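K.L.:
Let's see this in three dimensions:
(one chain, ligands or ions: 1)
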Amino acid sequence: MQELITVEDVTKKYGNKTALGNANLKIEQGEFVALVGMSGSGKTTLLRMIAGLEQPTSGQIRQAGQVVDSINTNARVMFQDDRLLPWLSVRENLTFGEHSKKDITEADSLLNLVGLDEYADVYPEKLSGGQKQRVALARALMSHPKLLLLDEPLGALDALTRLNMQDLILQICRKRNFTTLLVTHDINEAVRMANRIIVVKNSMIVRQVENPYQGQDSVDAEAKQTGIVNDILHTIYEKD
Ligand SMILES: Nc1ncnc2c1ncn2[C@@H]1O[C@H](COP(=O)(O)OP(=O)(O)OP(=O)(O)O)[C@@H](O)[C@H]1O
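P.N.:
Numbering: from 1, shown residues only. Got it, this is the predicted structure:
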């Protein structure tokens, strides 16, 4: 497999506080990787640097060989809040008001993919939280970005909607072969969705766990996933 993201000896400091120390990470094309760890451990800092929204204090990040030294236009970020524009319809939120036939066709096909074709002309205020996140997902997929960066995108959803969204995101990422990095507090979510889980603790990447049971929901696979979740929890909470 081909490497898409390389994080090389990356440290990020704010003043004299280290938000992330000496991180090394490789993400291959088509992988679904999750970053987990306690609040304040440095997960979002790493995601923001890959998105080019922040620059490392030292070390470097490359995407397909190119150093990410400004906004990473080959990546799209999806946040916890949907950030839809209330004065634009659902379809226009995807096309940003562009009216080219190509954009409209792509927007409609993505709305179909997330099950919202009937809502193309509706304004965001008429949508539920889960529907808004589906629009935000469809918008992130416009122009088929090389990399999807998901920063707690499901954090505000109720439990059942959250499970449905997990399935939808995973299904789409597999079908379209997206490379995805998910930041989440929810270890169960990470182990359900990711083929590899990165554990961040005290501003360091301390562990990488391969997960052969990604996306599987048989009783056997769920038992194995639970074992991995417990193992990761142990790493996060054990005393140094
Ligand atoms: N812009 C900033 N200025 C100063 N300190 C910052 C800034 N951004 C993050 N930090 C600090 O860096 C550390 C890591 O923050 P980060 O947001 O990466 O953690 P996180 O693991 O994503 O946490 P959470 O799960 O709560 O979102 C924290 O101590 C935070 O206070």
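
K.L.:
Show me what from the chain comes close to the ligand.
P.N.:
Within the chain, the positions near the ligand by CB under 6 Å from any ligand atom are 14, 19, 37, 39-45, 185. From N, CA and C alone the C-beta is placed, and that goes for glycine too.

K.L.:
Let me see the contact set for the most centrally placed residue in the chain.
P.N.:
Against the mean C-alpha coordinate of the chain, by CA atoms, centre = their mean, the closest residue is L150 at 2.1 Å. Contacts for L150 (CB atoms under 8 Å, 6 or more residues apart in numbering) come out as 77-78, 169, 180-184.

K.L.:
got the phi/psi numbers for it?
P.N.:
Torsion angles at L150 (phi, psi; degrees, to the nearest 10) stand at phi -110, psi 110.

K.L.:
okay, it: pLDDT?
P.N.:
Confidence at L150, expressed as pLDDT, is 95.

K.L.:
so M49 makes contact with V68?
P.N.:
Yes: checked against CB atoms under 8 Å, the pair M49 and V68 is within contact range at 7.4 Å.

K.L.:
Show me the common contact partners of the two, please.
P.N.:
Joint contacts of M49 and V68 (CB under 8 Å, 6+ apart) are I61.

K.L.:
which residue ranges form the helices in this structure?
P.N.:
Secondary structure of the chain (DSSP state H): helices located at 43-50, 90-95, 101-113, 129-141, 159-175, 187-193, 219-237.

K.L.:
okay if I get these as CSV plus mean pLDDT and mean neighbour count?
P.N.:
Below are these laid out as CSV (pLDDT from 0 to 100; neighbours: other CB atoms under 10 Å):
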stretch, mean pLDDT, mean neighbour count
helix 43-50, 96, 23
helix 90-95, 95, 23
helix 101-113, 91, 16
helix 129-141, 92, 22
helix 159-175, 90, 16
helix 187-193, 95, 23
helix 219-237, 95, 14
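
K.L.:
Just put the ones you listed in a markdown table and tack on distance to V209.
P.N.:
Formatted as a markdown table, the helices of the chain follow (distance: least, CB to CB, whole Å):
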| stretch | distance to V209 |
| --- | --- |
| helix 43-50 | 15 |
| helix 90-95 | 35 |
| helix 101-113 | 30 |
| helix 129-141 | 26 |
| helix 159-175 | 17 |
| helix 187-193 | 8 |
| helix 219-237 | 6 |
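
K.L.:
Of all those, which one is nearest V122?
P.N.:
For these, the distance to V122 is smallest for helix 90-95, at 5.5 Å, taking CB to CB.

K.L.:
C-alpha coordinates for the closest one, CSV please?
P.N.:
Taking C-alpha atoms only, helix 90-95 is exported to CSV below (Å, rounded to 0.1, in the frame of the first residue of the first chain):
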residue,chain,number,x,y,z
VAL,A,90,-28.7,21.8,1.7
ARG,A,91,-27.5,21.5,-1.9
GLU,A,92,-26.0,25.0,-1.9
ASN,A,93,-24.1,24.1,1.3
LEU,A,94,-22.4,21.4,-0.8
THR,A,95,-21.8,23.6,-3.9
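
K.L.:
circling back: which one of the contacts of L150 sits closest to the ligand?
P.N.:
Using CB to the nearest ligand atom, V183 comes nearest to the ligand of these, at 6.3 Å.

K.L.:
my guess is that closest one contacts L47, does it?
P.N.:
Yes: V183 is within contact range of L47, at 5.2 Å (criterion: CB under 8 Å).

K.L.:
anything in contact with each of these two?
P.N.:
With CB under 8 Å, 6+ apart, V183 and L47 have common neighbours 35, 151.
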